[in-house]
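Chemist: The following block contains a protein sequence and its predicted model.
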Amino acid sequence: MTKTLSILGSTGSIGRQTLDVVRHLPIKVAALTAGTNVQRMAEQIAEFRPRLVSMSTEAAAKELDALLPDPKPEILWGEAGLLAAAAAEEADTVITAVVGMVGLQPTLAALRLGKRIGLANKETMVCAGELVMETAKAHGAEIIPVDSEHSAIFQCLMGSHDRGEVKRVILTCSGGPFFGKTRGELEAVTRDDALRHPNWKMGEKITVDCATLMNKGLEVIEAMRLYELPPEQVDVVIHRQSIVHSLVEFRDGAMMAQLGVPDMRIPIQLALTYPNRVENPAPGLDLLRCPPLSFAAPDPETFPCFAIARSVARQGGTACAVMNGANEIAVAKFLRREIGFYDISDLVQRALDRVPCIANPTLEQILEADRLARAAVSQFHSE
């Protein structure tokens, strides 16, 4: 069980919920990092008293320094601050709740020190999953998923000691705000429409990814890396109620599922307390009051991001990093209202067509593929 914790991305949705869990557990906080939300970081520092904090920009770090009374924690900024927080000597666990490729290097740094990773940064596994898993094994580090779907699979596999027993894993997907819509109906949807997720309260980027179903495509690749499965053993079903968080089907026909209310504090806490289970601040699931459970197939024609991700999962190599980097830039443009909903998938596909794919890449080649993809999407939009 975790004794001391670093949280990368403490002011975001996962970070805040992690701290809510910590309030109920005998866990100390060693380090916190954030983007530019100085006020919220100051409040967290006052409550949790970390030794080290970091902001994404120098300006935010200086603003925080001016705001805090003495005694102050060590205040850093940028990638150096993320790496320092991930490597904080007293922290035995690091929750990686930052969004995007920025989480890769700090995750690797923590793994090299043998720390437990509570993984909420799926882009790390999508872009460099094989490298991340190899690093964890080489240094005896644990990776425990925080995403509700991968936590569900993790729990369903707890009693299985032979991965050959697994026939397939089945990721559930809420379907986002646009389930049941046709492509024609979605041509003119807006940023605000895409951010109306029916079940979960999350950051803007992941909420848009849920609307395009790219998020589920990313999770397919993440499941392949985490559980060392080929793409044909990872399936997806639409489950609107978000009660069944994912399932595992075994060779003998038995199927195991993890059920619970849609509250991220449940998988977050398990990542901190594993292999133990303790009382959780989240409400329990009342089977007599929950709605009927339904399941449906995803629609890759209406949601081409999902089809693209499935194709990239089969291709592997740096194609995963290209897709992810292109998607990050395209989604940012959509959130700024610079492009339309279907421009996201179009830009991602164009980047994949332009940037060459390298099989079995090094870390440097993965980072270069990410850079080229981001540059390509920026160039496409300016043409």
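Modeler: Looks like it came in fine.

Chemist: Now residue 87: closest residue in space that isn't a chain neighbour?
Modeler: Using Cβ to Cβ, 6 or more residues apart in numbering and skipping residues adjacent in sequence, the residue nearest residue 87 is residue 109, 5.2 Å away. C-beta: built from backbone N, CA, C; applies to glycine.

Chemist: tell me the SS of the one you found?
Modeler: Classification of residue 109 by DSSP: H, G, I helix; E, B strand; the rest coil places it in helix.

Chemist: Report the contact partners of it.
Modeler: 83, 86-87 (Cβ atoms under 8 Å, 6 or more residues apart in numbering).

Chemist: one more time with 10 Å
Modeler: Contacts for residue 109 (Cβ atoms under 10 Å, 6 or more residues apart in numbering) come out as 82-87, 94, 115, 135.

Chemist: Restricted to strands, list the residues you listed.
Modeler: In strands, defined here by DSSP state E, the members of these are residue 94.

Chemist: so what does the helix ranked longest in the chain touch, helix or strand wise?
Modeler: As assigned by DSSP state H, the longest helix anywhere in the chain is helix 363-382. When contacts are defined as 3 or more Cβ pairs under 10 Å, 6 or more residues apart in numbering; DSSP states H and E, helix 363-382 sits against helix 104-112, helix 122-139, helix 319-335, helix 341-354.

Chemist: mind redoing it with 6 Å?
Modeler: Helices and strands touching helix 363-382, by 3 or more Cβ pairs under 6 Å, 6 or more residues apart in numbering; DSSP states H and E, are helix 319-335, helix 341-354.

Chemist: Flag the shaky bits of this structure, pLDDT-wise.
Modeler: Applying pLDDT under 70 to the chain flags the ranges 381-383.

Chemist: Break it down into its domains, please.
Modeler: Listed by automatic domain parsing, the domain ranges of the chain are 4-145, 161-261+290-382.

Chemist: okay, those, which one's buried deepest?
Modeler: For the domains of the chain, the largest average neighbour count (mean count of other Cβ atoms under 10 Å) is found in domain 4-145, namely a mean of 20.

Chemist: and the end-to-end length of that domain?
Modeler: Terminal residues of domain 4-145 lie 18 Å apart, using Cα to Cα, to the nearest Å.

Chemist: Relative to the whole chain's centre, how far out is it?
Modeler: Its chain's C-alpha centre and that of domain 4-145 lie 14 Å apart, by Cα atoms, centre = their mean, to the nearest Å.

Chemist: start at 49 instead
Modeler: OK, 49 is where the count begins now, so the last one is domain 52-193.

Chemist: so residue 318 is in which element?
Modeler: Taking DSSP states H and E as the definition, residue 318 sits inside helix 313-321.

Chemist: Spell out the residue ranges of the strands in the stretch 49-198 of the chain.
Modeler: Here the stretch 49-198 of the chain has its strands, by DSSP state E, counting those that start in this stretch, at 52-56, 76-81, 100-103, 122-125, 141-144, 164-167, 191-193.

Chemist: State the helix or strand in which residue 273 lies.
Modeler: Using DSSP H and E, residue 273 sits in helix 262-275.

Chemist: Distance from the chain centre to that helix, please.
Modeler: 10 Å.

Chemist: I'd like to check the angle between the helix or strand that that helix is followed by and helix 262-275, please.
Modeler: Next helix or strand after helix 262-275 toward the C-terminus (DSSP H and E): strand 282-286. Strand 282-286 and helix 262-275 meet at an angle of 150 degrees, taking axes from the mean of the first three to the mean of the last three Cα atoms, to 10 degrees as the criterion.

Chemist: Neighbouring strands - and their directions - for the following helix or strand past strand 282-286?
Modeler: With elements assigned by DSSP H and E, the helix or strand that comes after strand 282-286 is strand 292-298. Strands that pair with strand 292-298, judged by DSSP bridges, come out as strand 214-221 (antiparallel), strand 303-307 (antiparallel).

Chemist: So what touches the shortest one?
Modeler: Under the contact criterion Cβ atoms under 6 Å, 6 or more residues apart in numbering, strand 303-307 has outside partners 200, 203-204, 291-293, 295-297, 333.

Chemist: cool, the longest one as well?
Modeler: Where contact means Cβ under 6 Å, 6+ apart, the residues beyond strand 214-221 that reach it are 197, 201, 264, 267, 271, 281-287, 292, 294-299.

Chemist: Heading C-terminal from it, find the next helix or strand.
Modeler: Following strand 214-221 in sequence order, the next helix or strand is helix 231-234 (DSSP H and E).

Chemist: Export only the CA atoms of that following helix, formatted as CSV.
Modeler: Only the C-alpha atoms of helix 231-234 are listed here, as CSV (Å, rounded to 0.1, in the frame of the first residue of the first chain):
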residue,chain,number,x,y,z
ARG,A,231,-22.7,11.3,-39.7
GLY,A,232,-25.0,13.9,-41.2
GLU,A,233,-26.3,14.8,-37.8
LEU,A,234,-22.8,15.3,-36.5
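
Chemist: contacts for the helix or strand that comes right after that helix?
Modeler: Per DSSP H and E, the first helix or strand lying C-terminal to helix 231-234 is helix 239-242. Here helix 239-242 makes contact (Cβ under 6 Å, 6+ apart) with 256, 259, 383, 385.

Chemist: Turn those residues into JSON lines, including distance to residue 426 and secondary structure.
Modeler: Below are the contacts of helix 239-242 laid out as JSON lines (distance: Cβ to Cβ, whole Å; DSSP: H, G, I helix; E, B strand; the rest coil):
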{"residue": "256", "distance to residue 426": "18", "secondary structure": "helix"}
{"residue": "259", "distance to residue 426": "22", "secondary structure": "helix"}
{"residue": "383", "distance to residue 426": "15", "secondary structure": "helix"}
{"residue": "385", "distance to residue 426": "16", "secondary structure": "coil"}
